[in-house]
Each structure stands twice: as structure tokens, then as C-alpha cells.
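A.B. asks: Build me a model:
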Amino acid sequence: MMMILDPTHNDVVGISRGVERVVAGQATSDGAGVKLTRVLTQTLQRRLDPFLLLDAFGTDDPQDYIAGFPDHPHRGFETITYMIAGRMRHRDNAGHEGLLTNGSVQWMTAGRGIVHSELPEQEDGRMEGFQLWLNLPAADKMRAPWYRDIAAAEIPEFTTAEGVHVKVIAGKSHGVAGAMQRDVTDPLYLDVALPERGLFRQALSPVHTAFVYVYRGSVRIAGVDVPAQRMAILGNEPGTDGVEIFAPTAAQALVIAGKPLHESIAQYGPFVMNTQEEIFEAVRDYQAGRFGA
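C.D. replies: Numbering: from 1, shown residues only. Sure thing, here's the model as predicted:
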């Protein structure tokens with residue numbers, strides 16, 4: 001495990017962004033009946049461009065997850081699956097296979113099309129994690145599918161002088177480069193664990209979309225309390241240069257940001273393109289068995 005204690009470079013935040021709104025996720029199910037909370041829904045895609053979806057799942061009841069996500073297609077975006085607890089096996093029709101375990105990440109580019117499954121490799125115990133969908137620019141939507149399994153030990157981590165522990169899945173924080181980088185959308189993906197009365201500062205580009213999802217405890221951002229299982233959409237107020245997150249008691253949160261694409265979004269289930277004609281083409285290609293070929 002890569003560990004950097006008290007990095008020499010600290011993110012300086014002069015004026016923190018405020019909270020535009022606090023969003024409660026919607027309880028739903030997906031796959032073969034897996035129970036989850038859809039935090040970032042389709043109605044928020046324009047506001048949270050380049051992000052398309054955020055699902056949070058966490059339960060000790062195997063009946064909530066045991067059926068998993070059998071074979072299903074994707075086209076036109078990337079999926080980032082982050083496991084906190086449990087074991088999930090990935091297989092796709094291009095012959096790739098991997099196992100997600102505690103603390104690991106799978107970054108998959110669906111590109112022009114892939115059919116894959118995500119099935120639990122456990123019959124009891126806790127299953128917990130997140131899946132984030134990151135849009136691809138129009139020029140990359142038909143690129144070849146690709147994926148990378150990132151073991152927990154490959155994710156850079158550091159602890160600030162204030163005792164805040166940070167896992168850098170993507171982007172850069174306090175001078176520490178994450179496990180993944182993407183040029184066009186420039187995503188930042190952090191898992192931040194704050195001690196009681198801990199304060200974390202993260203620099204953010206003024207043009208980037210940003211949100212914070214709290215999954216343990218509660219935090220306070222610019223005077224607004226954000227409880228567990230809530231997402232705080234951060235504003236883009238002129239003059240702000242980052243975010244300050246304060247935890248009255250111990251808390252954990254995802255800090256996610258990215259550069260908007262400002263492109264049209266056409267979505268039909270697991271296909272995300274730019275026009276309806278491209279969606280019709282995706283459906284025809286999938287039905288003809290051209291995904292993963």
C-alpha cells in the first residue's frame with residue numbers, strides 16, 4: 001500500500017465553494033434485483049456533467065445483492081466501481097476477467113460496446129461500494145473497450161497533518177497523483193476519512209463540476225450540514241478556488257470533480273451517446289451481437 005504521511009504540498013483554499021443543494025438518493029434496484037441507492041440520477045446529468053450516475057450499495061443481507069448483475073451491455077462512457085467491502089467477479093465478452101475485493105477499483109471504458117457481468121463471490125457478509133459513470137467525449141465514444149483492475153495496494157494514500165486520511169483514486173490531491181488520470185474530463189475521485197473535528201481542504205478548478213457524497217457520519221461545508229447518505233452539489237461561485245470540509249464527528253466522504261464536456265447527452269439505459277440516431281445504432285449493434293467483437 002502506498003502511504004505518504006503529511007505530504008509536503010498542501011492544497012491552499014482561499015475561498016471555499018458553497019453548497020448549491022443537498023440531494024437524497026433514491027432507493028432502487030438494478031441487475032437481477034440488487035438493492036442500491038441512486039444518488040446521481042438522470043435529472044442531474046446536465047448539472048453534474050461529465051458525471052452520469054452514482055450508485056451506492058451497502059448491506060449485510062445477502063438477499064439484497066446475491067443475484068448480482070448478470071450479462072448486460074454498455075456503450076459510450078466509463079464505469080468506475082469502488083469496493084469497500086465484499087468480493088465481486090467481473091467477466092466480459094472480450095475475454096477479460098477480474099476480481100474486486102476490499103478497497104479495490106475497476107475502471108472500465110465501455111467505448112464502442114461491451115457486454116459484461118458483475119457477480120458476487122460471497123454468500124454472506126457485507127457488500128458495500130459505489131459505481132460512478134463518467135461520460136466520454138464524442139470523439140472517444142466509439143474507441144475500443146478497455147478496463148483496469150486497481151488493487152487496494154495500488155491506490156496512493158496520504159494523511160494530512162490534521163489527521164485526515166485520503167485515498168486518491170483519480171486526479172491529484174495535495175501533490176499526490178492518483179491511480180488513474182484522464183485528459184479530457186480530468187476527474188478527481190477521493191475517498192476522505194476525517195477524524196472528529198477534522199478539516200480537509202481540496203483545491204478545485206473554478207470551471208469543474210464538483211460534489212461530495214457522505215457515507216459515514218456527517219460533514220459541514222460552508223456552514224451547511226451534510227448528513228450521511230446525502231450528496232452536496234458544490235456551487236461554482238466566482239472567486240472560489242476549492243472546498244473546505246469540516247467533520248464535527250468522525251466521517252467519511254467521496255469528493256468527486258471533473259471538467260464538463262458541454263456536449264449533448266442521449267441516454268437509453270446502458271447506452272449514452274450524443275444523438276438519438278446513435279442510440280438507435282447502439283441498440284441495433286447490440287441486438288446483432290456486435291458488442292465486444
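A.B. asks: Please count neighbours and contacts with C-alpha atoms only from this point.
C.D. replies: Fine.
A.B. asks: I'd like the mean pLDDT over stretch 68-82, please.
C.D. replies: Mean pLDDT, stretch 68-82: 94.
A.B. asks: so how far does that stretch reach from one end to the other?
C.D. replies: 15 Å (C-alpha to C-alpha, to the nearest Å).
A.B. asks: ok, and for it, which residues are buried?
C.D. replies: Within stretch 68-82, the residues scored as buried using 16 or more other C-alpha atoms under 10 Å are 68-69, 71, 73-82.
A.B. asks: Among those, which pair sits farthest apart?
C.D. replies: G68 and G76 (22.6 Å; C-alpha to C-alpha).
A.B. asks: Low-confidence ranges, the stretch 101-250 of the chain, go.
C.D. replies: Within the stretch 101-250 of the chain, not a single segment meets pLDDT under 70.
A.B. asks: any chance you could map the strands in the stretch 151-293 of the chain?
C.D. replies: Shown for the stretch 151-293 of the chain, the strands assigned by DSSP state E, counting those that start in this stretch span residues 157-159, 165-170, 172-173, 176-177, 188-194, 198-203, 209-216, 219-221, 224-226, 230-234, 242-247, 251-258, 266-268, 271-273.
A.B. asks: Skip the chain neighbours and tell me the closest residue to H90.
C.D. replies: Excluding its sequence neighbours, the residue lying closest to H90 (C-alpha to C-alpha, 6 or more residues apart in numbering) is E118, at 4.7 Å.
A.B. asks: who are the neighbours in contact with the one you found?
C.D. replies: For E118, the contacting residues are 68-71, 88-91, by C-alpha atoms under 8 Å, 6 or more residues apart in numbering.
A.B. asks: Can you tell me which of those residues is closest to S173?
C.D. replies: Using C-alpha to C-alpha, these come closest to S173 at M88, 28.2 Å.
A.B. asks: what about the closest one, how many neighbours?
C.D. replies: By other C-alpha atoms under 10 Å, 20 other residues sit near M88.
A.B. asks: same question, G223
C.D. replies: G223 has 11 neighbours, counted by other C-alpha under 10 Å.
A.B. asks: Likewise for A139?
C.D. replies: Neighbours of A139 under the rule other C-alpha under 10 Å: 7.
A.B. asks: Can you tell me the SS state at it?
C.D. replies: Three-state assignment for A139 (DSSP: H, G, I helix; E, B strand; the rest coil): helix.
A.B. asks: Look up how far I265 lies from P73.
C.D. replies: 18 Å.
A.B. asks: thinking again about what came up before, just confirm the residue nearest to H90 is within a helix.
C.D. replies: No - with three-state DSSP as the criterion, E118 is strand rather than part of a helix.
A.B. asks: Report the beta-bridge partners for it.
C.D. replies: Per DSSP bridges, the residues bridged to E118 are F69, H90.
A.B. asks: Quick check: the gap between A153 and N102.
C.D. replies: 10 Å.
A.B. asks: higher neighbour count, these two?
C.D. replies: N102 (17 against 12).
A.B. asks: and Q106, what does it touch?
C.D. replies: Q106 neighbours (C-alpha under 8 Å, 6+ apart): 79-82, 100, 147-150.
A.B. asks: Okay, and the beta partners of it?
C.D. replies: T81, D149.
A.B. asks: For A228, see how far away it is.
C.D. replies: 24 Å.
A.B. asks: just R197 next, same as before
C.D. replies: 16 Å.
A.B. asks: Comparing these two, which residue is more hemmed in?
C.D. replies: Neighbours were counted for R197 and for A228 using other C-alpha under 10 Å; A228 has more, 17 against 14.
A.B. asks: Backbone dihedrals for the more buried one, please?
C.D. replies: phi -60, psi 150 (degrees, to the nearest 10).
A.B. asks: burial count for G235?
C.D. replies: G235 has 19 neighbouring residues, counting by other C-alpha under 10 Å.
A.B. asks: If you could redo that for I221, that was the one I meant.
C.D. replies: Counted with other C-alpha under 10 Å, I221 comes out at 19.
A.B. asks: quick one: it and E244 touch, right?
C.D. replies: Yes - between I221 and E244 there is a contact under C-alpha atoms under 8 Å: 6.2 Å.
A.B. asks: List the contacts of the spatially most central residue of the chain.
C.D. replies: Closest residue to the average C-alpha location of the chain: L132 at 3.4 Å, with C-alpha atoms, centre = their mean. With C-alpha under 8 Å, 6+ apart as the criterion, the residues that contact L132 are 51-55, 79-81.
A.B. asks: Tell me the bridge partners for Q202.
C.D. replies: Bridge pairing for Q202 - DSSP bridges - gives V243.
A.B. asks: tally of neighbours for it?
C.D. replies: 19.
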